[in-house]
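[1] the sequence isn't on hand, but the structure is:
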């Protein structure tokens, strides 16, 4: 058994892609969603934010994406403010729900960001088709979203987030609503995508095995008030496979995460 | 599309029509028998012997018998282009209704966007919109026609405007609801694309409002039809279902009045069916 190493000021490299310094978020209701959070993310990392409901993990992701503004502290994404990063389309965002548009076919859904961003029209279809092939759904291009299973819909939404080739991918519990079997398959697929595209991923989850399996580092967060408890590096070798989940090291890291959560009273986490 | 027309819904539809036809006959007899009996008792010169027989052929029945309706239809259906027959007049009323609906859609969208875009717009204008709908159309129609007449707007156009006047309300409310229907995550998604307000309307809000629009269209279509007919009745009209109704009720032709009422009901069914067909064409993603 490995003791969890408290790591209050994680600084992986000098040139961080994402830099969060002392960020706090207090909602008008007085709820402290996030308190003095600091985090540095290097390009190419796969970071999981894990913690129970109310620990501020989604809040942190929404702050990075400029969907909300922090009460205090500073955030830089590639040296820009979140607003500048959003306006320069620096990141793709995958939500908890697939948020596909029911009136668009699968292919048209993937083309949506390209249309909005004014990508030359001739590129829309080939790019969207390439993205669908990447998530293994090229045969479903002409289907409407309702004709797809929940897992397939979420893959479409990942293809859509990748369509405009952002450097960063924010994912907010994208597989939270899916069954365990589908989820493990999509985890594997996501890792393959991450390796092939070289994106930087920041991934919110409340599943310990998912976080350990996917991440290069796990940010453990605890609630009331929401804060970063510790950051746990995951040294499981790449490429990972189904067998990775059965190794001793996997369980050791999972235990480390679990103990960090317990220490911060975040024990309502799904096992 | 053909498969939809040959749907199994046809059977229940026919059953309901048959039940109504079967129920109508005894109801008609029940309504007409006292009148027929009184006519017999008064010793009027009738071509029938029993009250039961007379009940089906009264000149001014409470409810016309199927035979009378049949004859009435035969009289009023032809010639197609006669100013006194149903087809031409129904076509005029349909035109007024459709143009009214079109106008109502434009105005309805305008108000819906205003309601969605600005709380102040909603607060300050919605009460007036609601008030406009509570004014009896029969009272306001003649005034509108006089007003429009001063500017040379005559004939079927004032009727279309009156139809639009009562049809824009359900459209405005329905479309406003539809424009607000996208969930917060979809709106966040557009924000992550740095989409402009116009793009969010074009790519998200408008398409999302279409199912609501068509529901509103069905309500608005019947409202517009009633508006057009009431406008025809309550103003000087030379054409239209309303003008026929007014003429025949002045002439106390009960059978003809019923025939025209049924014709306008059929017109309503056809127009609403048209909306349903348009909905299937425009929203093919629906199951």
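    Great, that's in hand. As the structure is a prediction and not an experimental result, all values here were calculated from the model. Residues are numbered from 1 along each chain as shown, chains lettered A, B, ... in the order given.

[2] kindly state the domain boundaries assigned to chain B.
    What automatic domain parsing lists as the domains of chain B is B:2-63, B:86-282.

[3] highest mean neighbour count out of those domains?
    Most buried of the domains of chain B by mean neighbour count (mean count of other CB atoms under 10 Å in any protein chain shown) is domain B:86-282; its value is a mean of 19. Where C-beta positions appear, they are placed from N, C-alpha and C, glycine not excepted.

[4] ok, residue A:77 - contacts?
    A:17-19, A:64, A:85, A:90-91, A:168 (CB atoms under 8 Å, 6 or more residues apart in numbering or on different chains).

[5] with distance to chain B added, can I get those in a markdown table?
    Shown next, in a markdown table, are the contacts of residue A:77 (distance: CB to the nearest CB, whole Å):
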| residue | distance to chain B |
| --- | --- |
| A:17 | 17 |
| A:18 | 15 |
| A:19 | 20 |
| A:64 | 11 |
| A:85 | 10 |
| A:90 | 10 |
| A:91 | 7 |
| A:168 | 11 |
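
[6] and the residues you listed, which two are the farthest apart?
    A:19 and A:91 (14.2 Å; CB to CB).

[7] hmm, back to that, of all the domains of chain B, which lies closest to chain A?
    domain B:86-282 (4.4 Å; CB to the nearest CB).

[8] residue B:152 and residue B:158, how far apart?
    For residue B:152, the distance to residue B:158 equals 11 Å [CB to CB, to the nearest Å].

[9] for residue A:36, same thing?
    Residue A:36 is 69 Å from residue B:158, by CB to CB.

[10] mind checking which of residue A:19 and residue A:91 has more residues around it?
    Legend: neighbour count by other CB atoms under 10 Å in any protein chain shown for residue A:19 and residue A:91, higher for residue A:91 (25 against 17).

[11] is that one in a bridge, and if so with what?
    residue A:168 (DSSP bridges).

[12] all helices of the stretch 1-150 of chain B, in order?
    B:2-5, B:10-41, B:51-54, B:66-77, B:86-117, B:119-134, B:137-149 (DSSP state H, counting those that start in this stretch).

[13] lowest average confidence across those helices, which one?
    Among the helices of the stretch 1-150 of chain B, helix B:2-5 has the lowest mean pLDDT, at a mean of 49.

[14] residues from the stretch 51-200 of chain A in reach of chain B?
    A:65, A:67, A:86-87, A:89, A:91-93, A:95-97, A:99, A:101-104, A:112-113, A:115-117, A:144, A:146 (CB under 8 Å from any CB of the partner chain).

[15] inside strands: which ones of these?
    Members of these lying in strands (criterion: DSSP state E): A:91-93.

[16] may I have the secondary structure class of residue A:20?
    strand (DSSP: H, G, I helix; E, B strand; the rest coil).

[17] per-residue pLDDT, the residue lying closest to it once chain neighbours are set aside?
    Once flanking residues are discounted, residue A:20 sits nearest to residue A:39: 4.3 Å by CB to CB, 6 or more residues apart in numbering or on different chains. Per-residue confidence at residue A:39 stands at 91 (pLDDT).

[18] show me what contacts residue A:39?
    A:10, A:18-20, A:47, A:60, A:219, A:228, A:231.

[19] repeat that for residue A:150.
    A:98, A:177-178, A:182.

[20] and those, which are buried?
    By neighbour count, with 16 or more other CB atoms under 10 Å in any protein chain shown, the contacts of residue A:150 hold A:98, A:178, A:182 as buried.

[21] make sure the first one is actually in contact with residue A:157.
    Spelled out, that is residue A:98. Yes. At 4.4 Å, residue A:98 and residue A:157 qualify as touching, with contact defined as CB atoms under 8 Å.
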